[in-house]
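Sequence plus predicted model, see below.
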Amino acid sequence: MNKNNMLRWASDALEMLDQRALPARVDYLRFDSAVAVAEGIKTMVVRGAPAIGCAAAYGVALEALRLRARPREEFLAGIEQGVSRLAASRPTAVNLFWALNRMRAKLGELHKNPVSQVADALLAEAHAITEEDVRLNRDMGGHGAVLLRDNMRVLTHCNAGALATAGHGTALGVIRSAVESGKHIHVFADETRPFLQGARLTAWELMQDNIPVTLIADNAAGLLMRLGEIDAVIVGADRIAANGDVVNKIGTYGVAVLARRHGIPFYVAAPLSTIDADMPSGEGIPIEEREAGEVTGYGGTRWAPEGVAVRNPVFDMTPADLVTALITERGVMPSPDREQIRKVLA
Ligand code: MRU
């Protein structure tokens, strides 16, 4: 995946790989303001919790660079407006708010410095967040790889790979690290209706790296588990509550229930920035609902009857007791609960 980084800095603009065009085309789009990046997040040019966080950080930096010749008051007010636009782009992945808070903290530290110095410092912070993300994913991968034995068949849902992060990936990062250590891992990728992140992105990303992958319809997972063809499940997360409840792509809960039914370990890989310490349980995490058109068809083809009622919640909540272990950059936490999460964040 190194040749196809999700995000790249091009001296005065952010370039993002347009995930909507994959796997048909590898297109990079240019973004030069917070509003443009917010629109890119909303319309799914970039998706996946850590990648959204990195993109938002660059959105703040771009706004600062764009306004660096303006008087201080105007500069600061413009950045605040940019932060608000970015915060309104998607509601569920907490990494977005984590990254915006970190950028605001940097702004708070430096707000008395000359405006152009502040802009440079915000860009440096966005670079730091992005570089850290790759490092953390590699650490997470190293910890999680120990859980995977040679020749395991691992099911994943959605795309928690290099495309969903600044590089290496969370769930797919664990698989990549296991493969790098010499293990043979066969991935089963749920197609992940309705937006098809598994079929379009996970399958493509793993094939780029020559990691064996078999694509399945979401509703084939139960049968394969019953037939003994799945040894473990690994997914990422968009937000983890203080008690260990996990919100991730719609369908994850069903996979976790099936895994429990069949005695298959269900692992979640996510950086600490995905944990929302202020959210007591998963019940309070906002679940984004997207437009009906994502369910009634795809890519310009409509298959559902005109006028049919549609619900399109795009995330669901898996209670902590279904999670065998949480893998973070700090290590593997078996049976995550409030106490262990408090300790790891302390
Ligand atoms: O709607 P998306 O594609 O942004 O949802 C992404 C997911 O649910 C991923 O599994 C999650 O963000 C983990 S990404 C490392």
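It's in.

C-alpha only now, for contacts and for neighbours.
Fine.

what's the lengthiest helix in the chain packed up against?
The longest helix of the chain (DSSP state H) is helix 115-145. The contact analysis (3 or more CA pairs under 8 Å, 6 or more residues apart in numbering; DSSP states H and E) places helix 115-145 against helix 49-66, helix 94-110, helix 171-180, strand 325-328, strand 331-334.

Show the contacting residues for the residue of the chain positioned farthest from its centre.
Here the chain reaches farthest from its C-alpha mean at P71, the gap being 36.3 Å by CA atoms, centre = their mean. P71 makes contacts with V115, as judged by CA atoms under 8 Å, 6 or more residues apart in numbering.

so what's it scoring on pLDDT?
pLDDT recorded at P71 is 96.

Compute the distance between it and A259, please.
Plainly put, P71 is 57 Å away from A259 if you go by CA to CA, to the nearest Å.

do the same with Y58
From Y58 to A259 the distance is 38 Å (CA to CA).

Name the residue in those two with the higher neighbour count.
The neighbour comparison of Y58 against A259 (other CA atoms under 10 Å) goes to Y58, with 32 against 25.

residue contacts, P50?
Going by CA under 8 Å, 6+ apart, P50 touches N95, L96, D133, A164, T165, A166, T274.

do you know how far it is from the ligand?
Look at P50 and the ligand: by CA to the nearest ligand atom, to the nearest Å, they are 6 Å apart.

Alongside the ligand, which residues does the stretch 201-346 of the chain contribute?
G236, A237, D238, N248, K249 (CA under 6 Å from any ligand atom).

low-scoring pLDDT stretches of the protein, where are they?
The chain contains residues with pLDDT under 70 at 1-4.

all helices of this structure, in order?
Ranges of helices in the chain, per DSSP H, are 34-42, 49-66, 72-87, 94-110, 115-145, 171-180, 203-208, 221-226, 252-261, 293-296, 338-345.

Now the helices and strands packed on helix 115-145 in a markdown table, please, with extra columns for distance to N210.
A markdown table is the format used below for the helices and strands packed on helix 115-145 (distance: least, CA to CA, whole Å):
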| stretch | distance to N210 |
| --- | --- |
| helix 49-66 | 23 |
| helix 94-110 | 29 |
| helix 171-180 | 10 |
| strand 325-328 | 24 |
| strand 331-334 | 27 |
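
which of these is buried the deepest?
For those, average neighbour numbers computed from mean count of other CA atoms under 10 Å are highest in helix 49-66, which has a mean of 29.

Grab the nearest non-local neighbour of H111.
The shortest distance from H111 to any non-neighbouring residue, by CA to CA, 6 or more residues apart in numbering, is to V118 (6.9 Å).

Kindly report the same for R66.
S33 (7.1 Å).

Repeat that for T202.
Nearest non-adjacent residue to T202, counting by CA to CA, 6+ apart: N159, 5.2 Å away.

swap in E329?
Closest to E329 by CA to CA, 6+ apart is M140, at 4.3 Å.

Need phi/psi at D278.
The phi and psi torsions at D278 (degrees, to the nearest 10) take the values phi -90, psi 0.

How about the contacts made by the residue lying closest to it once chain neighbours are set aside?
Excluding its sequence neighbours, the residue lying closest to D278 (CA to CA, 6+ apart) is A242, at 6.9 Å. By CA under 8 Å, 6+ apart, the contact list for A242 reads I275, D276, A277, D278, M279, P280, S281, D337, R338, I341, R342.

my guess is the third one meets A241, correct?
To tie it back to what came earlier, the one meant is A277. Yes. The pair A277 and A241 passes the contact test of CA atoms under 8 Å, sitting 6.4 Å apart.
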